[in-house]
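Participant: Just need the structure, nothing else, for what follows:
(chains A, B, C and D)
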4 protein chains.
Amino acid sequence: MGQLKILTAGESHGRALVGIIEGMPAGVRIAQERIDAQLRKRQGGAGRGGRMKIEHDRAQILSGVRFGLTLGSPISLVIENRDWENWRERMGVFDGADPSPVTVPRPGHADLAGALKYGHTDLRNVIERASARETALRVAIGSVVQQLLDAFSIWIGSHVVRIHTATASESLRLLFDRSAPGGSSEVREMVSRADASEVRTSDREAEKAMKCCISDAAAAGDTVGGMFEVVALSVPVGLGSYADLERRLDAQIAGAFMGIPGVKAVEIGLGVECAGRPGSEVHDPILPGEGLRRGSNRAGGIEGGVGNGEPILVRATMKPIPTLQRPLPSVDLSTGEAAPAHVERSDVCAVPAAAVVGEAMLAIVLGRALCEKYGGDSLDEMMKNFRS
Amino acid sequence: MGQLKILTAGESHGRALVGIIEGMPAGVRIAQERIDAQLRKRQGGAGRGGRMKIEHDRAQILSGVRFGLTLGSPISLVIENRDWENWRERMGVFDGADPSPVTVPRPGHADLAGALKYGHTDLRNVIERASARETALRVAIGSVVQQLLDAFSIWIGSHVVRIHTATASESLRLLFDRSAPGGSSEVREMVSRADASEVRTSDREAEKAMKCCISDAAAAGDTVGGMFEVVALSVPVGLGSYADLERRLDAQIAGAFMGIPGVKAVEIGLGVECAGRPGSEVHDPILPGEGLRRGSNRAGGIEGGVGNGEPILVRATMKPIPTLQRPLPSVDLSTGEAAPAHVERSDVCAVPAAAVVGEAMLAIVLGRALCEKYGGDSLDEMMKNFRS
Amino acid sequence: MGQLKILTAGESHGRALVGIIEGMPAGVRIAQERIDAQLRKRQGGAGRGGRMKIEHDRAQILSGVRFGLTLGSPISLVIENRDWENWRERMGVFDGADPSPVTVPRPGHADLAGALKYGHTDLRNVIERASARETALRVAIGSVVQQLLDAFSIWIGSHVVRIHTATASESLRLLFDRSAPGGSSEVREMVSRADASEVRTSDREAEKAMKCCISDAAAAGDTVGGMFEVVALSVPVGLGSYADLERRLDAQIAGAFMGIPGVKAVEIGLGVECAGRPGSEVHDPILPGEGLRRGSNRAGGIEGGVGNGEPILVRATMKPIPTLQRPLPSVDLSTGEAAPAHVERSDVCAVPAAAVVGEAMLAIVLGRALCEKYGGDSLDEMMKNFRS
Amino acid sequence: MGQLKILTAGESHGRALVGIIEGMPAGVRIAQERIDAQLRKRQGGAGRGGRMKIEHDRAQILSGVRFGLTLGSPISLVIENRDWENWRERMGVFDGADPSPVTVPRPGHADLAGALKYGHTDLRNVIERASARETALRVAIGSVVQQLLDAFSIWIGSHVVRIHTATASESLRLLFDRSAPGGSSEVREMVSRADASEVRTSDREAEKAMKCCISDAAAAGDTVGGMFEVVALSVPVGLGSYADLERRLDAQIAGAFMGIPGVKAVEIGLGVECAGRPGSEVHDPILPGEGLRRGSNRAGGIEGGVGNGEPILVRATMKPIPTLQRPLPSVDLSTGEAAPAHVERSDVCAVPAAAVVGEAMLAIVLGRALCEKYGGDSLDEMMKNFRS
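Facilitator: All right, here's what the predicted structure looks like:
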């Protein structure tokens, strides 16, 4: 897990989500508001189901921070389930019983594979942990790590470039293909517009179409997926390494993003578009002058597995949510008979939320690489190493 | 690194590539021919540069195998550099000197970022390890692990679906979109045709176009990329887990594939095509009957981070090789002046080779997951656990 | 960390201690009473300071267990600080202030080294995490893992063999030197007597002397250390491996025990007594007959880094607690002047408590090795593998 | 494994021992002579058996070093078996046969436990990897890492304080008990005398007695063990951490030393002697004045799991070698009948050699902690961070 070790725990309707971050340097200023803001970003948006109304997630730090500064000790966070009273009987740790165990797996979810793996007959035992609910905690953790990145002026943002058939006319990929991002004000503006959008897109026109896709799907009892981009600005040169496969920055990013529930494709820089272009139109020329800027950033900030100092650009494709209100054909495991898949309360589209999770994952990967590169006892020490 | 720990070492023109696999169970039969065959597959094909002629790689096992059976001890492999005599002076471990240090980084390679990271002024110190030459050893390691997978009847194959503008008319993605692979003879046939092709494609028509793309690029002093698919058949249900991000099978695969030099996108199952389809056309219905087969395999064999027993399908996009014979604009780091990028002997297209590396990476990820699931002392014990 | 990944968090007087266990198989029955009982064992005994009166620790499971069975999901535990209200101001996460920061480090504690490492000027920032309070959580975690070991009939116990100058006349080392433990009823009886003793010793005579040592030290404002033994019975053959240094069972045990606060020596089997005996009186003869029993168990159950099926015997030496009520000479870091060391509420002797922590550490190491050997999806599967 | 990842491979009489060190910073000057010298130190001394005459180990670096400087790439080392021709038939990787498989396990070795674990019937399959021969490679690796430590002026030495019943009258423990080591010239002198001794002891009188013990044991067909101390001078404050059990420096050291074949006890500082002293005579007073020196170093340089800047002192007890020329009672696994244990060519006493292995293990643990603390891209960068 590298120096920044992270574990999370918690079931979707259990008592609480719990996380621990080990290896954060001492002396990083942490603000509760920053965590809350990211959690709100994740919860907002069109396409979210009923649960969002009751959630209003709030992550509480239980340790590792004193008077607003990290101690160098492990940081623990808890997000309590505000709906716990309604689930206490069905999700009791020691006591309780479930009057309606789930026996019909949902295609696209871990239900079937998880049940076979762990020997569960009540699929709820799988559903609860395999749920994307866990990403709320990842967002909180990412926000804590982001506050370390702040000291290095690393800025991370995201936006949605496609929902179902509706595609934004602009993207960071297009922007970076044309030119290296200079002062990157264009990037910040694009993300800023997305932050204000109900579907996290920076394209006002596309926004309407995206919302239509979502409401159409909702009406049809169906779900939709899409694509989002996550970008990091002001990343120091030299994060990751080509020396060892597991230390490659691109490999770490791909693993972190593919691990977001529902993600089925991860691209860096030009991504799949590299396939159709000659080398002379893919690689970013190196230009003379102070700081050796590049003519473009098609590499998405990573060459040979190492961060090259340009903005890091990741794009991920998320499949439609697998819980359909008009359920897919499945089989009741208790009888072996065909049956419509179990229906759990669910969203119609989680692409905007996944983009926020993507911000967290990128923050974690970069935070880990920073600690490896600059040592990690205290922020003061890291900053001295960084500046020397 | 999980239970199957792997390290590799070695520079492209150094004395040898060296690898160690720790954690292989005892009692796995290893054949030198299998390793040799995979290395030949990696080396063959159109688009390879001059080096391939002298290589004829042969991996030698130095330990961990006795009388053809693994001992449970770490397995070490060495691939000697047959051209070492010509590089002894320039790559000496203790003595020697380089009459022509490299000072102009190649865009698209680790040259610049690596030099800044490690403080190298002679870019050869970066080039040598960042080279894709290291993947020869990965292929050898993957082949050793594959011989463990053989006992579980897990079969892995690959083929190229696109080179530059030339796209194969068929693909495993298309096949799995239409139907679950049943006896999977179609899969094996497709891969078998690819094995016989100079560009590892199963589509004879596309093969011609692909070769044209390569020779055109060669003539232009340019390079080309493409896409390949890697597939695993007969994978036991339940590899990986949703319980922890780092144990997700999809996350591990994405990390392993994005770590292949030149890969900029990794997709599982439908991949990027998930974005534009409704949930009802993405998720694979579960059908009654023995073994709960699926109506399709758009998930690419992984749901919720867990292998679901269907074939695992990975697709990767490789960018064009960054060493261009007509070099890109760059800067001489020793003077700060504009200069054409360094030119190293290189291939025009490495997509077929990368596909073979992809087979190795998938074998390693699956081998690791198998050892985790079934314990890993001896093959006999694993097989008993597997069958029970 | 192997397959069973564990993180803990929490400051001594912070809001709560938090722990996560990732990798526990599904289907293990967990009882709250078992955890409570171990926590009580750790808290009891002579030599404990004032804090013990208010603690009455209770670990609450927040996730990973449903209806008393593990889910295969990460298990999180919380031990709330019952004295939190009195510390809220001085240990606030975001708000608060400390009217009396600690500036004089205690020799023998992490105070000085920790302050220099992390750049803390208020030593409380070190004291709080470096405190042995964290071991309460380790005990809870160990108890959860023990409930997995129960299924394999692995039994773990501990007793104190020395406090200061008072030494028990019997020990497991002596017992195992004379003979292999056969039915091991002698072992269980010895531990059972210790369980009933205020100083966790099985020797009634020595008990009195031990208590005298403690009360004498208390009267003198001093502290005392000692030695304890931890034993595991019915351990399957073949845990750990000689193949890789990090997989050796003895290396893992030594690391786990030396990591218990205050421990300065770890011995396995005969330990330091091996130095003075010839090989013919150290190694345990192998005897013919069913199961290949041994003539003695001086090896303490581990040969060549691998568990050999005999009881595992670990002995640890704990130094006296470094917080003396009659404080040692130190230096006020805020002035550079000589000053008596900071005095924190503290125990006089923690050897009995450390023995209970030792039980937890051994449970964790063995649990990890079991999961590695038998795979770890579900207890059913593990038991099948174990029995086959 | 932390940032400095290490794997080793190789059987005792196989073709070669192979090791890889991943994560060494770039720019560290490596000298072959340093490695050779450590290997000679390990091989020398009284009590070594016949093998030592043919060994003359030489580790060859195959990668990761160019013109005498590390590249930041993985470093691979090979020690060829000079006796390979005589073993080729019995240890062939693919071909060969063993006319005399080993079927009678040696008590005290991994033979029996290893055979049961891995399912081997020919115990040679266990013996070969479980042999202490592997430590030759560890010594070579330790010597490479030591050359990184040199830049920090960290100096590591060892000496033997006891062989069988012969005990040196002086020891570093005694020295550090009396006083903190100031300029530490006494330490260097003590080790220097040991370097010149056939049994690595600094006490000329004890040397004679030790050699007698060895020759007496040899005459009796028996073996002897003993104790050694390893010390590190000029260690920067703050290596390791109390924040997480696995990052504790004492835990890492204990694991590394208990992993040396034959070691059954590891002590830090006063070690087992802590048990009988009051706290006031165990903890090291902190004295005012520049650098906050200590009145003694009974802690052995580690408090609360963190290096405190004083010399690190480790003591290990090694059991007698388990291969006795007058073999112990055992059982022939092929018949189930009692039989004298297998006799393999072996030493009578390996304590001096183990002390040299201890130097390597301490170097590796400290090197890992240094890379974690100061970042690890290049030596220049680390030194800047260290000095800032």
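Participant: Helix, strand or coil: sort out the closest residue to residue A:286 other than its chain neighbours for me.
Facilitator: Nearest residue to residue A:286 in three dimensions, chain neighbours excluded: residue B:330, at 4.3 Å (CB to CB, 6 or more residues apart in numbering or on different chains). In short, each C-beta sits where N, CA and C put it, glycine included. Judged by DSSP: H, G, I helix; E, B strand; the rest coil, the three-state class of residue B:330 is strand.
Participant: Residue B:330 reaches residue B:106, doesn't it?
Facilitator: Yes - counting by CB atoms under 8 Å, residue B:330 touches residue B:106, with 6.8 Å between them.
Participant: Could you pull out the strands in the stretch 1-150 of chain A for me?
Facilitator: Using DSSP state E, counting those that start in this stretch, the strands of the stretch 1-150 of chain A run over A:5-9, A:16-22, A:59-63, A:65-66, A:69-70, A:75-80.
Participant: now these in CSV, with distance to residue D:96, mean neighbour count and mean pLDDT?
Facilitator: Below are the strands of the stretch 1-150 of chain A laid out as CSV (distance: least, CB to CB, whole Å; neighbours: other CB atoms under 10 Å in any protein chain shown; pLDDT from 0 to 100):
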stretch, distance to residue D:96, mean neighbour count, mean pLDDT
strand A:5-9, 45, 26, 97
strand A:16-22, 49, 26, 98
strand A:59-63, 59, 22, 97
strand A:65-66, 62, 24, 98
strand A:69-70, 59, 22, 98
strand A:75-80, 56, 24, 98
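Participant: For the residue nearest to residue A:335 when sequence neighbours are not counted, list the residues it contacts.
Facilitator: Distance criterion CB to CB, 6+ apart; nearest residue to residue A:335, sequence neighbours excluded, is residue A:103 at 7.9 Å. Residue A:103 makes contacts with A:121-123, A:332-335, A:342, as judged by CB atoms under 8 Å, 6 or more residues apart in numbering or on different chains.
Participant: between those residues, which has the most around it?
Facilitator: With neighbours defined as other CB atoms under 10 Å in any protein chain shown, the most crowded of the contacts of residue A:103 is residue A:123; it has 24 neighbours.
Participant: measure that residue to residue A:86 for me?
Facilitator: Per CB to CB, to the nearest Å, residue A:123 is found 19 Å from residue A:86.
Participant: same deal with residue A:114?
Facilitator: 24 Å.
Participant: The two - which one has more neighbours?
Facilitator: Taking other CB under 10 Å, residue A:114 and residue A:86 do not tie; residue A:114 has more neighbours (32 against 12).
Participant: these two touch, right, the more buried one and residue A:122?
Facilitator: No - checked against CB under 8 Å, the pair residue A:114 and residue A:122 is beyond contact range at 11.3 Å.
Participant: In a strand, residue A:228, correct?
Facilitator: Yes - under three-state DSSP, residue A:228 falls within a strand.
Participant: thinking again about what came up before, which neighbours do residue B:330 and residue B:106 share?
Facilitator: The contact lists of residue B:330 and residue B:106 share B:341-342, where a contact means CB under 8 Å, 6+ apart.
Participant: more neighbours, those two?
Facilitator: residue B:106 (28 against 24).
Participant: Is the nearest residue to residue A:237 once chain neighbours are set aside in a helix, a strand, or coil?
Facilitator: Excluding its sequence neighbours, the residue lying closest to residue A:237 (CB to CB, 6+ apart) is residue A:309, at 3.8 Å. Three-state call for residue A:309 (three-state DSSP): coil.
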